[in-house]
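Engineer: Okay, here's the prediction I keep looking at, along with the sequence it came from:
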Amino acid sequence: MSDWFADLIDQPQVLLLLGMALIGIAYGLIAQWSRFCLLRGLLHRWQHQDSRKLQAFALAMATSLLFTQLARVLFDLDLDRSVFFPRDFSPLLVLLGGVIFGYGMTLANACGARSVVLLASGNLRSAVTLLALALGAGMTLSGILAPLRLLLDGLPLPRLSGVTLPELFGLASSWAMVVLISLLLLVLLAFCFLSCPRCRTSGRRLALDGRDALGGLSLGLLIALSWWWTGWAAQDPFQPQAPSALSFIAPIAQTQQYLLLSTGSRLNLGVVLVLGVFCGALVRALLAKEFRWQGFDSTRQTHFSLLGGFMMGVGGVLALGCSVGQGLSGFSTLALTSFFALAGILLGTRWAMRRHLSSSHPSS
């Protein structure tokens with residue numbers, strides 16, 4: 001046993017993938033159990049005046065921010081090398097990508113991460129959504145839509161360097177960072193634990209709903225754990241790579257490609273993450289006896305799943321991430337791109353709700 005463990009330690013690339021797979025399994029277990037989803041939170045808040053699911057997402061944001069920043073200081077994590085910090089970017093293009101993603105997420109009734117969890121629970125609508133998402137992301141990353149993406153990125157629009165929110169305002173000192181992080185945490189936690197007098201569920205605080213609270217807290221910790229694992233614990237000093245955390249747009253496209261072309265291909269962090277999430281959610285659904293096959297009830301649902309998945313793939317690439325990738329992982333680094341992407345996701349979701357959503361839309 002000790003020899004096997006020693007051999008594993010001597011293979012940092014294998015160790016890196018194994019750790020991310022375990023983090024994915026944990027995410028799948030927790031997300032399937034807690035029904036964690038930004039879209040559910042927004043729909044419950046805007047349609048039913050119930051903020052608890054949205055409070056769970058806010059708690060995940062606060063937890064990921066706090067522990068990621070602590071890990072950044074304690075372990076000297078170089079998060080600036082991650083995908084959320086491009087050399088420079090167009091804020092309008094990232095915002096547009098977020099709008100497209102949010103619109104598609106609402107049509108499909110689930111984001112990419114939630115679709116993986118739902119598929120593992122037997123939801124065949126999510127299979128269609130994921131196939132369309134992978135197609136849209138692949139076409140935009142390196143397929144026939146890639147020239148259009150490059151054309152849009154090359155337009156003479158305002159551009160910013162891939163800095164953090166504090167650095168944008170010239171607040172790069174340690175104390176300024178502490179103050180800003182403290183303010184963000186205060187706002188998020190206040191939203192989490194203060195009841196809303198206008199809500200029909202006034203008085204029902206997140207702390208009273210253990211499943212939502214524990215789900216948000218645990219998933220936020222997993223974000224920080226993934227940064228620590230990929231950025232420090234499993235780094236190969238001879239082949240250093242950029243740290244990464246949980247994100248699902250490019251990884252879903254990579255997973256589809258790997259399933260088709262695995263011969264001669266190598267596993268990467270995105271593929272093992274998606275497969276880990278699927279396996280974790282599947283195990284939990286089976287153990288809880290919640291696995292059941294579900295299909296489409298109408299052509300309208302099919303249309304929404306196909307179009308919504310494709311839009312999420314395209315928009316997620318333009319926005320450099322999804323509701324989990326930018327909303328949690330990117331936000332935890334205070335990357336400037338994440339604030340534009342998250343704003344776009346909220347706008348796109350609201351727009352799609354007003355135009356398309358009805359009581360016939362399937363529940364996730």
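Structural biologist: Cool, the structure landed. Here the structure is a predicted model, which means the values were calculated and not measured.
Engineer: Leaving out chain neighbours, which residue sits closest to Val324?
Structural biologist: Ala113 (4.8 Å; Cβ to Cβ, 6 or more residues apart in numbering). Quick note: C-beta positions are derived from backbone N, CA and C, even for glycine.
Engineer: Also Leu59?
Structural biologist: Gly216 (3.5 Å).
Engineer: Confirm that the one you found sits in a helix.
Structural biologist: Yes. Applying DSSP: H, G, I helix; E, B strand; the rest coil, one finds Gly216 inside a helix.
Engineer: show me the contacts for it.
Structural biologist: Ser34, Phe36, Gln55, Ala56, Phe57, Ala58, Leu59, Ala60, Thr63, Cys192, Leu206 (Cβ atoms under 8 Å, 6 or more residues apart in numbering).
Engineer: mind running it again at 6 Å?
Structural biologist: Ala56, Leu59, Ala60 (Cβ atoms under 6 Å, 6 or more residues apart in numbering).
Engineer: So for the residue nearest the centre of the chain, what pLDDT did the model give?
Structural biologist: Centroid-nearest residue in the chain, with Cα atoms, centre = their mean: Val324, separated by 1.5 Å. In this model, Val324 is scored at 97, pLDDT.
Engineer: Check which residues of the strand or helix carrying Leu148 are buried.
Structural biologist: Per DSSP states H and E: Leu148 is located in helix 146-153. Of all the residues in helix 146-153, those buried under the rule 16 or more other Cβ atoms under 10 Å are Arg149.
Engineer: after it, next one along is what?
Structural biologist: Taking DSSP H and E, what comes next after helix 146-153 is strand 160-161.
Engineer: Sheet partners, orientation included, of that following strand?
Structural biologist: strand 88-89 (antiparallel) (DSSP bridges).
Engineer: How about residues contacting the partner strand?
Structural biologist: Counting by Cβ under 6 Å, 6+ apart, Arg159, Ser161, Thr337 sit against strand 88-89.
Engineer: What of stretch 123-142?
Structural biologist: With Cβ under 6 Å, 6+ apart as the criterion, stretch 123-142 contacts 108, 112, 115, 118-119, 145, 149, 249, 252-253, 256, 294-296, 305-306, 309-310, 312-314, 317.
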